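**Student:** need a 3D model of the following:
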Amino acid sequence: MKNHLRHLVTGYILLLLAITTHAQDTTRSRQDRFFGRNDSTRRFSDSTRNPNDTSRRRGGMSSLFADSAKLTTSDYQLQIEKTYVILDNIENKSELGLGIQNVKEHLGDTDSVLAVLKDNIVNNSRALNLRNLQVFRSLLLNMQRELKDHREILDSTERRLEGLRSTMKTLVTDTVLRQLMRDTALRQQFGPQLKDMRENWRSSTRHLRESIAAINLLQTHNSSNAITTAQLLEKVNTLLNTSATRIFGKEYNYLWEKDTSDLTASARSSFGKAYEGEKKALRYYFKDSGNKRLFLLLIGFLFFIWIYRNIRTLKRLHAMPVIQDLGFEYLPSGYIVSSFVIMFSIAPLFDLHAPAAYIESMQFLLLIILTIICWKKWPRNLFWYWIAMAILYICFSFTHHIVDPGFLQRSWLILLNILSVVFGLLFLSKMKEHLHLKGFLRFVIMLHNVMNILSILFNIFGRFSLAQIFGNAAIFAFTQAIGLAVFSKIVMEAILLQITVGRVKRGVHTKMDYQPVLTGFRRPLLFLVVVLWLIVFTTNLNIYTTVLGGLTTFLSTPRFIGDASFTVGGVLLFFLIIWIAHLLQKYVGYFFGDTGQDDEVRDKGQRSRLLITRLILLCLGYLLAVAASGVPVDKITIVLGALGVGIGLGLQNIVNNFVSGIILIFDRPLQIGDSVEVGDKTGRVREIGLRSSTLLTADGAEVIIPNGDILSHQIVNWTHSNSHIRLEMELTVSGNNDMEVVSTAVKNAILASDHVFENREPQILFTKVNENGFDLKAYFWCEDVLKADEARSAVLLQLHDKLKSASLQIN
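**Tutor:** As a prediction, the model looks like this:
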């Protein structure tokens, strides 16, 4: 019986152990399904579980005396909230944004264009001329740059998604969540939250997995297109080399020989296919470069707003007659059309790798705008010569589509060349004073005539492709030069208008010599004009990409002097930025009407702010020049160390003057326009520079004083806080022995002057009593120290008149 009872108790114990084990396995499997863990993760969880954890068996009063380090309900709730936030963040950040969508759409467009280009380059290469190949090359180069940008976007997105996946892995191994899922009581307590968190986990995991897969597909697609683009570009470069060799050879019979060439139907079909391929490529380019044209429109709109506001200011101040004698030609009446001239003229700068067709379209629009703006601005003869050149421009544009030039087509091209030379010479003879940059235009027109003559010779001797290239490049160079001449004139007029408006707003109506200012702006403007013209000219000669590539290689190739390395481009960029910074700091005041030539300074604070602005522009210019030049910082440190030794030995005065100039600018013991005494020098402060300052004396001399000498001397500033000055006059008055009568008469006479400060009563001091009068000193305050001599003279005249009427005499 005892054995039977012993066996029964043992069976009950084993049954209870089996039930407990099953419950633990069920809990663990639920936790694994929630986090998506595998067997290895579960084994890791079991191995890290505390074997001494008996929290589920504890109850009653024992929990009251439990370890204080045990997690409470609030701890679990806080961890659940943190997990919710992390999962929501993962789900939100795993969404692919608009940038990835744009990449996807662009890759789809690239596929269709690459298919067209591949079909033409690989299967139809014999029908491609030099122009087709240049268009294809420009497009493929643009594609290469865009695919590289796409790769950077995709790689950065992949790194972000991998970071999110790493965050999810940390949640799987979180000990608090694992303990929460093992405890039955806690699972029941936080059941609704855990259920929602499980759904959130599954959603975040699914979205993250889909996003990573989509990014991987796009990376593969992008890489495939990059490989295809590189292969096609290599093929195009090879075809360009062979085409360049072919066009210099004899393509057709001499003009006097019988034409024996005849295109077959298949050849014409191939040329048509090449033409259609070029059109599709250009449509893709125009679609892809829409943002650049929007930016170009924005610049034109800002120029329009700038000119419109200045014109409106002049009308509001009734100052429009001020600009009548300044030689304005295109402004202010044509400010709307002028905005389009600005926009189309600078278009080549916004896409240095644009195909020739894009440049030609911008040129054609500029041609239309120039015709509109010059209708009433130019003499009739000059305008009609321009119309003739515009018609020739259109005719030359159609010569690109001649695929089988016979005698008539070649004769037609020769006729266009002759007419272009004739009207070019007529235009040159009539332009005279009606166009800006006459020297530049004269050079371009002569080059235009020479290129047309060469085109005729190439045509006669069977080099028809060269004849086409030279003829088109000549007429395009001519029209571009005329457009840039008008562009430069409009820019100069806009600058002059801004200076005039600034002066009018400051109340300055004196005449000014604007020529030195315009001369200062003419050089950088001419540099910009030449760069724009060269871009268009080399593009039409089909050598722009080659020239740009060679120039880029020359400028970016590292060169060494000892251990120091540099590039020619970095050196040129360094000096260019410094030159621009000095130009801006020199002329920035003109845009606010401060020319530095006004005798009256109405706002000294504005001039001080302009002085600080000039200093900031110089400092930024030098810092930007150093950063843009690519000079290593350690090399600069060495140079500065050597410079420090030189400063200690021989440049002390220069550095002293430079630092003193900065102190004068910011401490402002004197400002531009102040009347000061520095040592034995007296005058108005004309200029404060970094090295020296200039005083303008009453005699008109300009005294240049080093800034170090200014700070080392006592400075008497008559206009530091106000412009008042007390004047003294010694008088001998006769005709009355009553002091009160004489004093009152003198005071009234002084106060009658407009130069006397009325709020401070004149002071009369008697120094001697005479038989029929008094010797006295009169003290009074003048409102403007710069007009002290005028005030003294005016007061003396008032004393003479007033005292004479009171029967008093001044001796």
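**Student:** any low-confidence regions in the stretch 101-250 of the chain?
**Tutor:** Applying pLDDT under 70 to the stretch 101-250 of the chain flags the ranges 244.
**Student:** residue boundaries of the helices in it?
**Tutor:** 130-172, 175-182, 184-189, 191-247 (DSSP state H, counting those that start in this stretch).
**Student:** helix or strand right after the last one?
**Tutor:** For helix 191-247, the following helix or strand on the C-terminal side (DSSP states H and E) is helix 265-288.
**Student:** elements contacting that next one?
**Tutor:** Counting by 3 or more Cβ pairs under 8 Å, 6 or more residues apart in numbering; DSSP states H and E, the packing neighbours recorded for helix 265-288 are helix 98-123, helix 130-172, helix 356-373. Just so you know, the C-beta spots here come from the backbone N, C-alpha and C atoms, and that holds for glycine as well.
**Student:** in JSON lines: those, plus mean neighbour count and distance to Thr184.
**Tutor:** Shown next, in JSON lines, are these (neighbours: other Cβ atoms under 10 Å; distance: least, Cβ to Cβ, whole Å):
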{"stretch": "helix 98-123", "mean neighbour count": "16", "distance to Thr184": "45"}
{"stretch": "helix 130-172", "mean neighbour count": "18", "distance to Thr184": "21"}
{"stretch": "helix 356-373", "mean neighbour count": "19", "distance to Thr184": "73"}
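**Student:** can you give me the offset of the one helix or strand Leu408 maps to from its chain's centre?
**Tutor:** Leu408 is part of helix 407-431, with elements assigned from DSSP H and E. Centroid displacement of helix 407-431 relative to its chain, using Cα atoms, centre = their mean, to the nearest Å, is 42 Å.
**Student:** then stretch 144-156?
**Tutor:** 23 Å.
**Student:** the helices in the stretch 401-550 of the chain, which residues?
**Tutor:** Here the stretch 401-550 of the chain has its helices, by DSSP H, counting those that start in this stretch, at 407-431, 438-460, 464-505, 515-540, 544-556.
**Student:** Val322 and Met512: what is the separation?
**Tutor:** Val322 is 11 Å from Met512, where distance means Cβ to Cβ, to the nearest Å.
**Student:** distance of Leu367 from Ala628?
**Tutor:** Relative to Ala628, and taking Cβ to Cβ, Leu367 is found at 36 Å.
**Student:** typo on my end, it should be Ile445
**Tutor:** Counting by Cβ to Cβ, the gap from Ile445 to Ala628 is 37 Å.
**Student:** between these two, which has more neighbouring residues?
**Tutor:** Each of Ile445 and Ala628 has its neighbours counted (other Cβ atoms under 10 Å); Ile445 has more, 21 against 14.
**Student:** nearest spatial neighbour of that one, chain-adjacent residues omitted?
**Tutor:** Nearest residue to Ile445, sequence neighbours excluded (Cβ to Cβ, 6 or more residues apart in numbering): Leu428, at 4.8 Å.
**Student:** and the one you found, how many neighbours?
**Tutor:** For Leu428, the count of nearby residues is 18 (other Cβ under 10 Å).
**Student:** relative to Arg442, how far out is it?
**Tutor:** Taken as Cβ to Cβ, the span from Leu428 to Arg442 is 7 Å.
**Student:** same question, Asp674
**Tutor:** Taking Cβ to Cβ as the measure, Asp674 falls 50 Å from Arg442.
**Student:** neighbour-wise, which of the two wins?
**Tutor:** Using other Cβ under 10 Å, the more surrounded residue of Asp674 and Arg442 is Asp674, with 23 against 13.
**Student:** can you name the next helix or strand after the one helix or strand in the chain whose mean pLDDT sits lowest?
**Tutor:** Every helix and strand of the chain was ranked by mean pLDDT, DSSP states H and E. The lowest is helix 39-48, at a mean of 38. Going down the chain from helix 39-48, the next helix or strand is helix 73-93, by DSSP H and E.
**Student:** chain center to that next one, what's the gap?
**Tutor:** Put simply, helix 73-93 sits 44 Å off its chain's centre (Cα atoms, centre = their mean).
**Student:** give me the helices and strands touching it, please.
**Tutor:** The contact analysis (3+ Cβ pairs under 8 Å, 6+ apart) places helix 73-93 against helix 130-172, helix 175-182, helix 191-247.
**Student:** which helices and strands does the first one pack with?
**Tutor:** Of the remaining helices and strands, those touching helix 130-172 by 3+ Cβ pairs under 8 Å, 6+ apart are helix 73-93, helix 98-123, helix 191-247, helix 265-288, helix 356-373, helix 544-556.
**Student:** SS state for Lys768?
**Tutor:** At Lys768 the chain is in strand, as set by DSSP: H, G, I helix; E, B strand; the rest coil.
**Student:** and for it, nearest residue in space, chain neighbours not counted?
**Tutor:** Excluding the flanking residues, the one nearest Lys768 by Cβ to Cβ, 6+ apart is Asp775, at 3.7 Å.
**Student:** tell me which helix or strand the one you found sits in.
**Tutor:** strand 773-782.
**Student:** outside of that strand itself, list whatever touches it.
**Tutor:** The contact list for strand 773-782 (Cβ atoms under 8 Å, 6 or more residues apart in numbering) reads 724-737, 739, 742-743, 746, 750, 755-757, 760, 762-769, 788, 791, 795, 808-809, 811.
**Student:** ok, and which of the helices and strands packed on helix 130-172 has the densest surroundings?
**Tutor:** Neighbour counts (mean count of other Cβ atoms under 10 Å) averaged over each of those peak at helix 356-373, with a mean of 19.
**Student:** and Gln559, how many neighbours does it have?
**Tutor:** Small correction: residue 559 is Arg, not Gln. By the measure other Cβ under 10 Å, the count of residues near Arg559 is 11.
**Student:** what about the nearest residue to it once chain neighbours are set aside, distance to Phe560?
**Tutor:** In space, and not counting its chain neighbours, Arg559 is closest to Phe566: 5.8 Å by Cβ to Cβ, 6+ apart. Computed as Cβ to Cβ, the Phe566 to Phe560 distance reads 8 Å.
**Student:** of the two, who's got more company?
**Tutor:** Between Phe566 and Phe560, counted using other Cβ under 10 Å, Phe566 has the larger neighbour count: 17 against 8.
**Student:** next one: phi and psi at that one?
**Tutor:** phi -160, psi 170 (degrees, to the nearest 10).
**Student:** ok, and what's touching stretch 292-300?
**Tutor:** So stretch 292-300 is contacted by Ser339, Phe340, Ile342, Met343, Ile346, Ala347, Phe350, Asp351 (Cβ under 8 Å, 6+ apart).
**Student:** cutoff 6 Å now
**Tutor:** With contacts defined as Cβ atoms under 6 Å, 6 or more residues apart in numbering, stretch 292-300 is touched by Ser339, Met343, Ala347, Phe350, Asp351.
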